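Visitor: Prediction below, plus the sequence it came from.
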Amino acid sequence: MNGNSIVLSGTPVSPGIAIGEVFVYQPFKCKVQELYFDLEEAEEYIASFVKATNIAIEELDRLISMFEQEDDKAKILLSHKEILNDEEIQSEIKDVIRRENKFPDFAVKSVYEKYIELFEGIEDPFLSARATALLDVKNRLIRVIQKKKEKNLSMIQKEVIVVAHDLLPSETATLNSSHVIGIITELGSYNSHSAIIARNYKVPAVLGVPEALKYLTDGMNVVLDGIRGEIVVFPNENILKVYKEKAIRHDRIQEQNSKYQNKPAITRDGHKIEIGINIGSNNFNKSSSGYDFVGLFRTEFLYMESNQLPDEQKQFLIYKGILEDAKGKSVTLRTLDIGGDKTLPYMDLPKETNSFLGKRGVRFCIDNKEIFRIQLRAALRASYYGSLQLMFPMISSLDDIRRVKLLVDEVMEELLMESI
């Protein structure tokens with residue numbers, strides 16, 4: 001508190017200072033009633049559900065084309081499209097419509113909320129975040145079924161600080177970063193989609209601000225401090241002066257740092273230091289060149305992001321793309337490391353007293369050879385396009401090494417026999 005000023009606190013997730021006008025974002029809220037229809041109308045309502053799904057996919061396709069040059073945004077939208085196309089979820093919704101005579105929006109709500117609850121119960125933060133994507137897709141589909149207009153943050157036409165209770169992945173993905181100069185939400189954490197996109201686009205953001213909507217209203221001028229995690233409401237002239245100077249200092253430091261981001265790491269006496277990066281799935285910054293090798297490519301995220309095991313062609317295209325983007329730099333691909341704290345929701349893995357010492361990593365792969373062979377085929381095919389090394393996790397004996405090398409040799413021979 002300073003005079004009439006009020007300070008709200010939250011989690012700083014993207015550094016920077018924003019001074020500007022509040023725009024309160026009120027997303028679509030789906031309200032679904034528990035209503036039923038006559039039995040003979042089932043096929044008609046199934047057809048309307050299929051039509052709504054196709055419209056929702058068309059909406060996503062339009063957004064994907066808008067952001068095709070922005071990989072992180074396009075990736076979120078593509079994952080939502082995959083969920084909409086999920087045959088198991090579609091089949092369950094159709095069964096609920098047909099067998100329980102529920103209206104399509106009620107059926108969508110019932111099925112999606114079952115999966116949302118399942119993912120929310122997983123301790124792994126990466127997998128529990130999947131619940132947010134399912135919620136996002138559920139809302140989109142229900143909105144289309146109810147024939148409500150789409151609202152998104154790409155429609156903002158002036159510089160504003162967006163304030164919301166929470167932002168779903170597709171909402172953050174559609175924000176216009178040239179007009180959104182700051183983000184404040186009541187919910188959210190450092191690893192949420194909103195935080196990641198805010199950092200990628202250097203938009204100052206403070207999430208997890210309790211009762212932000214109680215204090216912040218449309219058109220109000222505020223200061224957002226994404227360094228300390230503070231929001232100053234009703235800033236006076238002295239406070240504004242201090243923060244304007246702070247913003248200038250921050251921008252100057254960022255500008256200085258950016259000059260060195262993609263330059264070789266060489267000490268003043270001429271000694272070169274090799275810089276490696278770690279990546280997960282295909283979240284690769286293609287524009288970055290300030291590294292010498294990819295020390296660890298964690299492939300398990302490719303499996304954890306999906307609702308089913310990724311096939312050989314999907315893996316091949318991702319591995320190939322990363323090797324091409326690396327432009328000859330060495331990439332160490334770690335084969336599937338599942339077990340312990342990392343599980344797959346679509347596989348019933350046995351419970352163990354100490355799963356870290358049980359069937360984890362390469363031990364899981366040796367016992368599930370078909371899954372392993374598909375990954376090895378994809379990786380070896382992709383190795384033609386760059387400098388690839390394979391890392392096998394959780395090796396516990398010389399026998400593990402021999403068994404893995406034998407499998408690699410078998411897959412190589414198999415590919416040669418197929419003239420690949």
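Guide: That came through, no problem.
Visitor: Mind listing the strands the longest strand seen in the chain pairs with, and their directions?
Guide: The residue-count maximum for a strand in the chain (DSSP state E) belongs to strand 17-24. With DSSP bridges as the test, strand 17-24 is paired with strand 160-164 (parallel), strand 221-225 (antiparallel).
Visitor: With mean neighbour count and distance to residue 41 as added columns, please give the ones you listed in a markdown table.
Guide: For glycine as for every other residue, the C-beta is placed from the backbone atoms N, C-alpha and C. Formatted as a markdown table, the strands paired with strand 17-24 follow (neighbours: other C-beta atoms under 10 Å; distance: least, C-beta to C-beta, whole Å):
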| stretch | mean neighbour count | distance to residue 41 |
| --- | --- | --- |
| strand 160-164 | 24 | 38 |
| strand 221-225 | 23 | 51 |
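Visitor: out of these, nearest to residue 7?
Guide: Residue 7 lies closest, by C-beta to C-beta, to one member of the strands paired with strand 17-24: strand 221-225, at 9.1 Å.
Visitor: what's in contact with the next helix or strand after that closest one?
Guide: Scanning forward in sequence from strand 221-225 by DSSP states H and E, the next helix or strand is strand 230-233. With C-beta atoms under 8 Å, 6 or more residues apart in numbering as the test, strand 230-233 has contacts from 2, 5-10, 184, 206, 209, 212, 215-216, 220, 222-225, 239, 243.
Visitor: same question, stretch 202-210
Guide: Identification of contacts with stretch 202-210 by C-beta under 8 Å, 6+ apart yields 8-18, 175, 177, 180-190, 192, 194-195, 197-199, 224-226, 229-231, 254.
Visitor: returning to that earlier point: so what touches the longest strand of the chain?
Guide: Contact with strand 17-24 is made by 156, 158-164, 181-182, 203-204, 213, 216-227, 235, 240, 243-244, 246-247, 250, as judged by C-beta under 8 Å, 6+ apart.
Visitor: residues contacting the residue nearest to residue 193 when sequence neighbours are not counted?
Guide: Residue nearest to residue 193 in three dimensions, not counting chain neighbours: residue 169, with 4.1 Å by C-beta to C-beta, 6 or more residues apart in numbering. The contact partners of residue 169, taken as C-beta under 8 Å, 6+ apart, are 76, 80, 132-133, 136, 193-194.
Visitor: Okay, and which of those residues map to strands?
Guide: Among the contacts of residue 169, no member lies in strands (by DSSP E).
Visitor: Confidence-wise, which of these comes last?
Guide: Least confident of the contacts of residue 169 in the model: residue 193, at 76.
Visitor: That residue and residue 75 touch, don't they?
Guide: No: using C-beta atoms under 8 Å, residue 193 makes no contact with residue 75, being 10.2 Å away.
Visitor: between those two, who's got more neighbours?
Guide: residue 193 (22 against 17; other C-beta atoms under 10 Å).
Visitor: quick revisit: just give me how far the longest strand of the chain sits from the chain centre.
Guide: 25 Å (C-alpha atoms, centre = their mean, to the nearest Å).
Visitor: Need the CA coordinates for the helix or strand hosting residue 389. PDB is fine.
Guide: Secondary structure from DSSP H and E places residue 389 in strand 387-391. Extracted C-alpha coordinates of strand 387-391, given in PDB (Å, rounded to 0.1, in the frame of the first residue of the first chain):
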ATOM      1  CA  SER A 387      24.400 -36.900 -36.500                       C
ATOM      2  CA  LEU A 388      22.500 -39.200 -34.200                       C
ATOM      3  CA  GLN A 389      23.600 -41.000 -31.100                       C
ATOM      4  CA  LEU A 390      21.400 -43.300 -29.000                       C
ATOM      5  CA  MET A 391      21.300 -43.400 -25.200                       C
END
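Visitor: May I ask which helix or strand of the chain has the lowest mean pLDDT?
Guide: Using mean pLDDT, DSSP states H and E, helix 125-128 stands out as the lowest-scoring helix or strand of the chain, at a mean of 66.
Visitor: okay, the strands paired with strand 17-24 in CSV with mean pLDDT and distance to residue 84 next?
Guide: Compiled in CSV, the strands paired with strand 17-24 are given as follows (pLDDT from 0 to 100; distance: least, C-beta to C-beta, whole Å):
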stretch, mean pLDDT, distance to residue 84
strand 160-164, 95, 24
strand 221-225, 96, 34
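Visitor: residue ranges for the strands of this protein, please.
Guide: 6-9, 11-14, 17-24, 160-164, 180-185, 205-207, 221-225, 230-233, 276-280, 293-298, 330-334, 387-391.
Visitor: if we can go back for a sec, ok, of the contacts of stretch 202-210, which come out buried?
Guide: Neighbour counting with 16 or more other C-beta atoms under 10 Å marks 8, 10-18, 175, 180-188, 192, 194-195, 197-199, 224-226, 229-231 as buried within these.
Visitor: Pull the number of nearby residues for residue 238.
Guide: 11.
Visitor: Need the nearest residue in space to residue 378, chain neighbours excluded.
Guide: Of all residues not flanking residue 378 in the chain, residue 315 sits nearest, at 3.6 Å (C-beta to C-beta, 6+ apart).
Visitor: Quick check: which ranges of the stretch 151-300 of the chain have low pLDDT?
Guide: Along the stretch 151-300 of the chain, the model assigns pLDDT under 70 to residues 281-289.
Visitor: who's in contact with residue 32?
Guide: By C-beta under 8 Å, 6+ apart, residue 32 lies in contact with 105-106, 109, 142.
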